[in-house]
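A.B. asks: no FASTA, just this:
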């Protein structure tokens, strides 16, 4: 099956659909629309992130899959989804957003409004997850904040300096430029990211408490997923 409007990127439409269904199967897991926004922010952030930094956050507290064959498969799909997102940011003229709802994948052009909102919520969540964004870059995220319904333009000066009475036109405009906005932010922080260290590199011992917060020893919890992946 052809890649979904992504040229030669790493994840096919069939695989992305499978990942979307797998994530939707459990409400503690981050939905694919949110995940793509989240990963876009992580990849654009001032710091370098690794799989270990975010994967358990995205999968939630449910560890029911740890002893199943699903562990290796879902980690592989997550990594390939991450790599495809990274390639889109690095290689495309504008970033290509991917969303999922009810067994269907969407690109920005035909995505439901609620999925665009969720994508933007994921981006803002990714910004908070990493931190360290300077004020000038945060200002560039205004369209994302508006589309995530985290910033209300009504009664405030719009980008044209005129007080906004009806934000419908601005929301439509922000939706259209969202790929360019995310690409611009990625490029703005590119050199800073090249010189950055990872956000954390903590070595957990087998008998230490698992860093995921489960209150289990590491050897009884997330080490199973890491060993399955590696």
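C.D. replies: Everything's here; your move. Predicted model only: the values in this text are computed from it and were never measured.
A.B. asks: nearest residue to residue 83 other than its sequence neighbours?
C.D. replies: Using CB to CB, 6 or more residues apart in numbering and skipping the chain neighbours, the partner closest in space to residue 83 is residue 10 (4.9 Å). Heads up, the C-betas are built off the backbone N, CA and C, glycines and all.
A.B. asks: repeat for residue 157
C.D. replies: Residue 157's closest residue in space is residue 163 (CB to CB, 6+ apart), at 5.9 Å.
A.B. asks: over to residue 82?
C.D. replies: Nearest non-adjacent residue to residue 82 (CB to CB, 6+ apart): residue 39, at 5.6 Å.
A.B. asks: do the same with residue 70
C.D. replies: Closest to residue 70 by CB to CB, 6+ apart is residue 22, at 7.5 Å.
A.B. asks: again, but for residue 17
C.D. replies: Going by CB to CB, 6+ apart, residue 17 has residue 105 as its nearest residue, at 6.0 Å.
A.B. asks: over to the one you found. Which of the three states is it?
C.D. replies: strand (DSSP: H, G, I helix; E, B strand; the rest coil).
A.B. asks: and the pLDDT for it?
C.D. replies: Note on residue 105: pLDDT of 94.
A.B. asks: again, but for residue 102
C.D. replies: Reported pLDDT for residue 102: 89.
A.B. asks: how many neighbouring residues does it have?
C.D. replies: 7 (other CB atoms under 10 Å).
A.B. asks: how about the strands of this protein, start to end?
C.D. replies: Ranges of strands in the chain, per DSSP state E, are 98-101, 104-107.
A.B. asks: would you mind finding the most buried of those strands?
C.D. replies: By mean neighbour count, with neighbours taken as mean count of other CB atoms under 10 Å, strand 98-101 ranks first of these at a mean of 24.
A.B. asks: just checking, what packs against it?
C.D. replies: With contacts defined as 3 or more CB pairs under 8 Å, 6 or more residues apart in numbering; DSSP states H and E, strand 98-101 has these neighbours: helix 13-24, helix 32-44, strand 104-107, helix 113-130.
A.B. asks: can you do 7 Å?
C.D. replies: helix 32-44, strand 104-107, helix 113-130 (3 or more CB pairs under 7 Å, 6 or more residues apart in numbering; DSSP states H and E).
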